[in-house]
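Student: What follows is a protein structure lacking sequence information:
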C-alpha cells in the first residue's frame, strides 16, 4: 500500500519535472525559432502571421552592400581575435599551470577580471583611455578590445585542460632527450589541441557576437554585424533583419557545434584507459 | 641490449665534449654516485646528507615509507629535482648543470606516462629519434625492444588499447631502447594489480640482467625490494637507515626502524643482566630471562631491545633455547605454516610464523616458544644495532 502510494507520488514528481523542463526550453528557444521562421515569411512586415514561404529576404540581404560589408568586417575581426587570443590564452594557461613564480595568484585573477567587469564599463574605459592619450578610434583598437574580452575565456578553457595533462608526459619526453621546446611542441601542444580549438571557436564567437563594446570602439563609419542590425532596427523591423539574425545564429552556433563534434571524435580514442595515479 | 653488430649508438653522444680524457676514469667509476646531497623544498628538507655509490650493472632499491625522500632522490638523478647541496655523478661525470634531456637516463613512472596520442612504435622510438638514430636502425631497435618485453607486433596500437601491465612493459621498452647509462624505476609496479605485479617483478629483473643496465628502483613494498635487489637502501625521514644485500637488511637490521619496516619484527625491551664476549643475558620487561648473541660485552643494567623475526620463533615442542611461555591470542592458518599472536606478559604480543607440527594451536592455549641466541639482534637505547 505504502509503496504503491510512494510510486504514485514519484510519477507525479516526474511529470512536474518534465513539464517545467519543457517550459524552460520553450522559453529559451521560442525567440530563436520565431526569428528563423519569420525569415522565410513572404510578408512585408517582420512579424506574424505568416503569409507564405519566401527566400526573398535572403536575396535582399545578399544585395545589401552595407550588410555584406558589416559581415566581412565582423568575420575578419573575429578571425584575428580568435588567432591572437588563442596564442595568448594557451601560453598564459601553460605558464599559470606549469610554473611557480611571484605574483602568480595575482596574475591568475587579473587575467580573468575582464570577464567579470560589465562590458559597458570596459567599453567606456578603453575609450576614455584612448582619448586620454589622444589616439583616434581605429580598427586596431576594435580588434584589441575584442581580444581583451575573449582572453579570459580562452585562458579558463586552456587552464582546465592543462591541469588535466599530467606532468609526467612532459617529464617522460624530457628524460628521453627532448628539449623543453620539443617536448612542448610534440607532447603538450597535441594534448592541448581540444583546448586550443575550443578556445579559438569561443573567441571567434565572442568577437562575432559582440555588440555593446563594439558600439563604443568601432571607428566612424565602420559597422560590425551586430551594430549593423542595431542600426537597421532603428529604422524599421524589416523581415531582412530576421534573415540576418538567422545567418548570425547559423555562424555563432554552427561553427562551435561542428568544431566541437569533430574534436570529440578525434579525442575519443585516446582518452580511454588512462591509469589512475596512486599516491605511494 | 648487448649486440655485437650494434656500433652506431654510443650511449652518450649528447654528453660529448668531456669525453676522451675522462673515458678511462669513467670505466672504473660507479654508475651513479651521490656525495653529501641535500634537497630542500623551501624550508622543508626532503633529503639530508645523502651519500651513496652505485656499482655499474647492479640493481639497487631505495626502500622506505612514503615521504622518506626516496622518490626525491630518484628524481634528482634524472634532473627533475634540483639538489641544494652536494654533488651527483653519473658515470663519473658531475651532472649538476646538465639538464634532464642531456643526462641519458631511462625513466619509468608509476603511471606509465606513455604518450596517449602516439602509438606504441612512436612511443618507443621517441628517445632514439632525439639521438639522431637513422630510421632503419630505429625500426630494428624498437622491434627488438618490443620482443624483449614480450609484446612484439604491437607497434600500431595506441596506449589506450593496452592493459596496465602491457602499458608498463611498453614504458620499460621505451626507457631501455636507447641504452641509457642508468634505468630509474619510480614505483613501476604500484599501479598494477597484485598478480600482474609479481609477473612484472620477475620480468623487470630478467631484462635488467640481460641488458646489464644499472637499475635504481624505488618502492615502499618490502617484498619487491627483497626479491629484486642486489642491494637495498632503507630510507627514513630523508636519511639512509641501512644499506646492504636483501639478506643483510632483513637478518641484521641496523636500526629499530629497519627491523620494524622490513617484516614487522618482534621488539622486546629488556635490561642487560650480564654478558661476556659472545652472549648477553637479558631480563625482558615481561620478566623472563633470555640469552642473546652479542659481539661485545655490555655493561650490566643497560637498556636493550631484542629483535626477533616471526620466522625465528619456534613454537611448542620445537622450542629449545630461550624458552618462554605464553598464551595464544590469535592464530591464522596459512596452509604450510601458521601465524600466532602470543601474549607472554609484555607490552605487546609476540608474532610467530611457525611451520605446523601436528595441529594448529587454538586461541587461549598455553604454549612454549623460544628462539636461538643467534636468531636475534640486539639494539641499544638509541635503536642502533650493537656491533
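Tutor: Arrived safely. Computed from a predicted model, the values in this text were never measured in an experiment. Residues are numbered from 1 along each chain as shown, chains lettered A, B, ... in the order given.
Student: who touches residue B:90 in this structure?
Tutor: Taking C-beta atoms under 8 Å, 6 or more residues apart in numbering or on different chains, we find residue B:90 in contact with B:31-32, B:77, B:103-105, B:181-182. (Each C-beta comes from the backbone N, C-alpha and C, glycine too.)
Student: Which of those residues sits closest to residue A:233?
Tutor: Among the contacts of residue B:90, residue B:103 lies closest to residue A:233 (C-beta to C-beta), at 66.3 Å.
Student: Where do the helices of chain B begin and end?
Tutor: Assigned helices in chain B, in chain order: B:23-28, B:70-78, B:120-129, B:135-148, B:164-176, B:194-211, B:222-228, B:246-251, B:256-261 (criterion: DSSP state H).
Student: Is there proximity between the fifth one and chain A?
Tutor: What it means is helix B:164-176. Yes - for helix B:164-176, a contact with chain A is found by C-beta under 8 Å from any C-beta of the partner chain, at B:164, B:167, B:174-175.
Student: Same question for the longest one.
Tutor: No - no part of helix B:194-211 sits close enough to chain A to count as contact by C-beta under 8 Å from any C-beta; the gap is at least 12.2 Å.
Student: what's that helix in contact with?
Tutor: Residues from elsewhere that reach helix B:194-211 (C-beta under 8 Å, 6+ apart): B:1-2, B:59, B:148-150, B:164-165, B:168-169, B:172, B:176, B:179, B:183, B:185, B:188-189, B:192, B:215, B:217, B:224, B:227-228.
Student: What's the PyMOL syntax to select whichever of those residues are buried?
Tutor: To isolate the buried ones among those in PyMOL, judged by 16 or more other C-beta atoms under 10 Å in any protein chain shown, type:
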select buried, chain B and resi 1+59+148+149+164+165+168+169+172+176+179+183+185+188+189+192+215+217+224+228
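Student: Give me the below-cutoff pLDDT ranges for chain B.
Tutor: Within chain B, the segments meeting pLDDT under 70 span B:1-27, B:319.
Student: Tell me the residue of the stretch 1-150 of chain A that sits nearest chain B?
Tutor: Per C-beta to the nearest C-beta, residue A:100 is where the stretch 1-150 of chain A lies closest to chain B, at 10.6 Å.
Student: That residue and residue A:211, how far apart?
Tutor: As judged by C-beta to C-beta, to the nearest Å, residue A:100 and residue A:211 stand 40 Å apart.
Student: more neighbours, the two?
Tutor: Neighbours per residue, other C-beta atoms under 10 Å in any protein chain shown: of residue A:100 and residue A:211, the larger number sits with residue A:211, 13 against 5.
Student: Quick check: the gap between the closest residue to that one other than its chain neighbours and residue B:97.
Tutor: Excluding the flanking residues, the one nearest residue A:211 by C-beta to C-beta, 6 or more residues apart in numbering or on different chains is residue A:226, at 3.9 Å. Note on residue A:226: its distance to residue B:97, by C-beta to C-beta, is 57 Å.
Student: Who has more neighbours out of these two?
Tutor: residue A:226 (19 against 7).
Student: in the host helix or strand of that one, what's buried?
Tutor: Using DSSP states H and E, residue A:226 falls within helix A:225-235. Residues of helix A:225-235 classed as buried: A:225-230, A:232 (neighbour count, 16+ other C-beta under 10 Å).
Student: Check stretch B:51-61 too.
Tutor: Buried residues in stretch B:51-61, defined by neighbour count with 16+ other C-beta under 10 Å: B:52, B:54, B:56, B:58-61.
Student: Please apply the same query to stretch B:320-331.
Tutor: Buried residues in stretch B:320-331 (16+ other C-beta under 10 Å): B:322, B:324, B:326, B:328, B:331.
Student: Now the first one. Its backbone dihedrals?
Tutor: I take that to be residue B:322. The phi/psi pair for residue B:322 (degrees, to the nearest 10) reads phi 50, psi 50.
Student: Let me see the contact set for it.
Tutor: Residue B:322 touches B:290-291, B:370-373, counting by C-beta under 8 Å, 6+ apart.
Student: Up against chain A, what does the stretch 201-350 of chain B have?
Tutor: residue B:220.
Student: how much space between the residue of the stretch 201-350 of chain B with the smallest separation from chain A and residue B:138?
Tutor: Nearest residue of the stretch 201-350 of chain B to chain A: residue B:220, at 5.6 Å (C-beta to the nearest C-beta). Separation of residue B:220 from residue B:138 (C-beta to C-beta) stands at 36 Å.
Student: If the residue nearest to residue B:289 when sequence neighbours are not counted is in a bridge, with which residues?
Tutor: Closest residue to residue B:289 apart from its sequence neighbours, by C-beta to C-beta, 6+ apart: residue B:283 at 5.2 Å. Assessed by DSSP bridges, residue B:283 has beta-bridge partners residue B:271, residue B:289.
Student: that older thread, quick one, which of the helices of chain B is nearest to residue B:311?
Tutor: Using C-beta to C-beta, the helices of chain B put helix B:246-251 closest to residue B:311, at 9.9 Å.
Student: buried stuff in that closest one?
Tutor: B:246, B:249-250.
Student: try stretch A:26-36
Tutor: Neighbour counts over stretch A:26-36 (16+ other C-beta under 10 Å) mark A:35-36 as buried.
Student: For the residue nearest to residue A:211, list the residues it contacts.
Tutor: Residue A:226 sits next to A:74, A:209-211, A:214, A:248 when contact means C-beta under 8 Å, 6+ apart.
Student: just the residues you listed now: which is nearest chain B?
Tutor: Using C-beta to the nearest C-beta, the contacts of residue A:226 come closest to chain B at residue A:209, 32.4 Å.
Student: related to what we said a few turns ago, for the contacts of residue B:322, pick the one with the most neighbours.
Tutor: Using other C-beta under 10 Å as the neighbour test, the contacts of residue B:322 are led by residue B:371, with 26 neighbours.
Student: Quick check, it in contact with residue B:315.
Tutor: No - at 10.2 Å, residue B:371 does not count as touching residue B:315 under the criterion of C-beta atoms under 8 Å.
Student: lowest confidence element among the helices and strands of chain A?
Tutor: Lowest on mean pLDDT, DSSP states H and E among the helices and strands of chain A sits helix A:239-271, with a mean of 78.
Student: now the angle between helix A:225-235 and that one, please.
Tutor: Orientation of helix A:239-271 against helix A:225-235 (axes from the mean of the first three to the mean of the last three C-alpha atoms, to 10 degrees) gives an angle of 160 degrees.
Student: Which strands or helices does helix A:239-271 pack on?
Tutor: Contact analysis of helix A:239-271 by 3 or more C-beta pairs under 8 Å, 6 or more residues apart in numbering or on different chains; DSSP states H and E lists helix A:2-38, helix A:56-63, helix A:65-98, helix A:189-209, helix A:225-235 as its packing neighbours.
Student: Can you give me the neighbour number for the closest residue to residue B:273 other than its chain neighbours?
Tutor: The spatially closest residue to residue B:273, leaving aside those adjacent along the chain, is residue B:281, at 4.4 Å (C-beta to C-beta, 6+ apart). If you count neighbours by other C-beta under 10 Å, residue B:281 ends up with 19.
Student: I appreciate the help and will end here.
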